[in-house]
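>>> curious how this folds, go ahead:
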Amino acid sequence: MANAQHLQRRSAHSPLAPAPARFIIGRDRRGSWIVQDRQGLVGGLFRNEAAALHFAAEECNHNPADICLAPEGAILDLDGFTLAPSNLH
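Prediction:
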């Protein structure tokens, strides 16, 4: 399973990475943990960092290159995530 110690804090489009990370993990304005899929297909709000990391790891078959932590101080939100009956779980 991916964990925060093995993830770099970088942009989802970091020039150091061979391909952009699929998932960004960070916090919203209230301090909750968010996972954002850069394609807008999946994501969510999580109680803690471990739950967010677990979700992202499962979604990308435990490939750490597909997960990055948002830069320190960045605030994420779910405004771009459209809720539809097919993606409510």
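>>> C-alpha from now on. contacts and neighbour counts both.
Noted.
>>> make sure Ala50 is indeed in a strand.
No - looking at Ala50 with DSSP: H, G, I helix; E, B strand; the rest coil, it is helix, so not inside a strand.
>>> any idea how many residues pack against it?
Neighbour count of Ala50, defined by other CA atoms under 10 Å: 15.
>>> what does Ser32 give?
By other CA under 10 Å, 16 other residues sit near Ser32.
>>> quick one, what contacts it?
Residues near Ser32 by CA atoms under 8 Å, 6 or more residues apart in numbering: Leu45, Phe46, Arg47, Asn48.
>>> among these, which lie within strands?
Leu45, Phe46 (DSSP state E).
>>> pull the number of nearby residues for Leu78.
15.
>>> go on, Leu53?
27.
>>> show me which of the contacts of Ser32 are buried.
Among the contacts of Ser32, the ones that count as buried by 16 or more other CA atoms under 10 Å are Leu45, Phe46.
>>> now, which of the contacts of Ser32 sits nearest Leu78?
Checking those against Leu78 by CA to CA gives Leu45 as the nearest, at 8.2 Å.
>>> give the other helices and strands that the host helix or strand of Gly26 contacts.
Gly26 belongs to strand 23-27 when assigned by DSSP states H and E. Packing partners of strand 23-27 (3 or more CA pairs under 8 Å, 6 or more residues apart in numbering; DSSP states H and E): strand 33-37, helix 49-59, strand 67-69.
>>> so which residues make contact with that strand?
12, 33-38, 52-53, 56, 66-70, 74-77.
>>> report the residue spans of the protein with pLDDT below the cut-off.
Where the chain drops to pLDDT under 70, the residues are 1-18, 80-89.
>>> go again using 50 as the cut-off
For the chain, applying pLDDT under 50 flags the ranges 1, 11, 14, 17, 82-89.
>>> can I take it that Gln39 is in a helix?
No - when three-state DSSP is applied, Gln39 is found to be coil, with no helix at that position.
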